[in-house]
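S.K.: only geometry, no sequence info:
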């Protein structure tokens, strides 16, 4: 059985919207590209047909991935975002216990992660360590390295949980 994929309602709605667009708009466009390319003749030497087939394969793979995500989705309910503990859909202010720097991250599902925007996945090492923690809790995050001797441990303390 496939693992549950956690989403906020917003994140789930985004993948449903993308799926609907790909099925209703892109799929017919790609089908039309295939028809046009097929009309150019000999398929064995038809670069347009090969490109259209590749485009179709990529599109269908993305649609299948989105459908699998929707099947395995678990939407984190608003009631679970009380702010008492770190959860999907909430922001958390943490302090690096070594450098004393503070960071604010929003915990999101894997499809919404964007480290540049300070949105980290609940499946990332830091996100996974923070889920379920309360203000004052300390966490250790082991960052693996290709060279096992170079792995490092990051230590953070939860300073604040922010309900957006």
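M.R.: Yes, it's here. In this text, all values refer to a predicted model and were calculated from it rather than measured experimentally. Numbering: from 1, shown residues only.

S.K.: C-alpha from now on. contacts and neighbour counts both.
M.R.: Noted.

S.K.: In contact with residue 111, which residues are there?
M.R.: 11, 121 (C-alpha atoms under 8 Å, 6 or more residues apart in numbering).

S.K.: Which pLDDT value does the model give it?
M.R.: Listed pLDDT for residue 111 reads 82.

S.K.: How far does stretch 128-140 sit from its chain's centre?
M.R.: For stretch 128-140, the separation from the chain centroid amounts to 21 Å (computed by C-alpha atoms, centre = their mean, to the nearest Å).

S.K.: hmm, I was thinking of stretch 12-23
M.R.: With C-alpha atoms, centre = their mean, you get 14 Å for stretch 12-23.

S.K.: which of the residues in that stretch are buried?
M.R.: Within stretch 12-23, the residues that count as buried by 16 or more other C-alpha atoms under 10 Å are 12, 15, 19, 22.

S.K.: what about the residue nearest to the last one when sequence neighbours are not counted, which helix or strand?
M.R.: Among residues not flanking residue 22 along the chain, residue 63 sits closest, at 7.0 Å (C-alpha to C-alpha, 6 or more residues apart in numbering). When secondary structure is defined by DSSP states H and E, residue 63 falls within helix 47-71.

S.K.: Could you name the helices and strands sitting against that helix?
M.R.: For helix 47-71, the elements it packs on are helix 9-21, helix 27-38, judged by 3 or more C-alpha pairs under 8 Å, 6 or more residues apart in numbering; DSSP states H and E.

S.K.: quick one, the last one and helix 9-21 angle?
M.R.: If you take axes from the mean of the first three to the mean of the last three C-alpha atoms, to 10 degrees, helix 27-38 sits at 30 degrees to helix 9-21.

S.K.: Show me what helix 27-38 is packed up against.
M.R.: Against helix 27-38 (3+ C-alpha pairs under 8 Å, 6+ apart) you get helix 47-71.

S.K.: and the helix it packs on, how far out from the chain's middle?
M.R.: Taking C-alpha atoms, centre = their mean, one finds helix 47-71 lying 19 Å from the centre of the chain it belongs to.
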